[in-house]
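# Could you work out the structure for the sequence below:
(chains A and B)
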Amino acid sequence: MAAQTEIVNATDVILEVSTDAGSSWDPVVHAKTAKVSVSHSPRDVSTKTTGAWRRIAAGKKSWNMSLGGGFTYDGGSEEDPVSLFALLSAGTEFQGRLSSATTGDTNFTGKVLIGSFEIDSPEEETNVTYAFQLEGSEALAASTVS
Amino acid sequence: MKGEVLREIILNANYLRGVQRLRALGSEIPNADAELIRSVEMEGQVDTLLAKINSKVYPNRIAMNQTLPCLVYQAISVQPNDTKSGPSTLDEKRWQVNVYQAEYDVCEEIMSMLRVNIDRFTGIAKGVVIQGVQFQDQNDQFSDSGEVQGISTDYKIRAIRTI
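Predicted structure coming up:
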């Protein structure tokens, strides 16, 4: 099956985590947002002979994932913020994946450590929310959903 | 959340609160639970708000040939909380509750009682888990002839939605 060609529905792209090296994947409970950000810091290789314009070459790449949603203490069959906090406390590396449910689309997968965690309890009678930033370690791999 | 859930909260908020408290204490008062719940129910039946409106609480329109005062409620809007995993399991619904009566003072008294009874209510009504009820707004209503006075109040209700 070919990848989707129309603008993708955000409902279909979710962030999942795996604590068993990718054997099983779980979404994070009540998640509303999922995001992958990739950065590249090119090296400046300008010399006396390259003229007025900077010349660059490939440099360090880095990436992170972030997600947020409605906070709860027990995610049932899904990963919950409390369990993820335990991974943060222990400094445990696990895997993160921005995944699509459609065959032929692309999953983005890599090893992560939790870089930040936030619980926000705003004014009364509104939702308590959570937010995580997962810092990528080593390469972010793109693979076709099969 | 259906209107009958709001009606249940309006009429029985104190009773439902009492049941909730007693059930939480259930393990500490063995064999007395049912009796205590009945006593709370009796207390609910003589609630002054109930006496004022004589249990006349209607959805959308006042039933024909009814005497005042009475309460009328209607749904204004609903804000779902969809997630990546599926449709909303927690809806925030805004309801409007109006009271009508010839004397404005009576309207004020009833609405004040209503607010005391249901604002910040949490519990189970008609099997629906209510995370919270919150008073939002209030304004006056009146007929041009001046024969009927009214007060309109808005409440936000957070209800767990079973799917």
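
# Enumerate every residue touching residue 121.
You didn't say which chain, so I picked chain A. A:71, A:128 (CB atoms under 8 Å, 6 or more residues apart in numbering or on different chains). Quick note: C-beta positions are derived from backbone N, CA and C, even for glycine.

# Switch to chain B, please.
B:9, B:13, B:16-17, B:130, B:132-133.

# Grab the nearest non-local neighbour of it.
Distances taken as CB to CB, 6 or more residues apart in numbering or on different chains put residue B:133 closest to residue B:121, at 4.3 Å, once the chain neighbours are dropped.

# Please confirm that the one you found is located within a helix.
No - assessed with DSSP: H, G, I helix; E, B strand; the rest coil, residue B:133 is strand; it does not lie in a helix.

# and it, how many neighbours?
Residue B:133: 26 surrounding residues under other CB atoms under 10 Å in any protein chain shown.

# So which of the contacts of residue B:121 wins on neighbours?
That'd be residue B:133 among the contacts of residue B:121, by other CB under 10 Å, with 26 neighbours.

# Now for residue A:17: which residues touch it?
Contacts of residue A:17 by CB under 8 Å, 6+ apart are A:25-26, A:28, A:79, A:84, A:94-97, A:112.

# give me that answer again for 7 Å
A:26, A:28, A:79, A:94-96 (CB atoms under 7 Å, 6 or more residues apart in numbering or on different chains).

# how about chain B, which residue sits the furthest from its center?
What lies farthest from the middle of chain B is residue B:84; by CA atoms, centre = their mean that is 31.9 Å.

# What separation is there between that one and residue A:82?
Separation of residue B:84 from residue A:82 (CB to CB, to the nearest Å) stands at 18 Å.

# Kindly report the same for residue A:88.
11 Å.

# Kindly report the same for residue B:111.
41 Å.

# More neighbours: which of these two?
Regarding residue B:111 and residue A:82, a neighbour count based on other CB under 10 Å identifies residue B:111 as having more, with 21 against 15.

# got a list of what that one touches?
So residue B:111 contacts B:99, B:138, B:151, B:153 (CB under 7 Å, 6+ apart).

# just these now: which is nearest residue B:2?
residue B:153 (19.5 Å; CB to CB).

# leaving aside the residues next to it on the chain, what's closest to residue A:37?
residue A:64 (5.5 Å).

# so what's that neighbour up against?
Contacts of residue A:64 (CB under 7 Å, 6+ apart): A:37, A:115, A:133-136.
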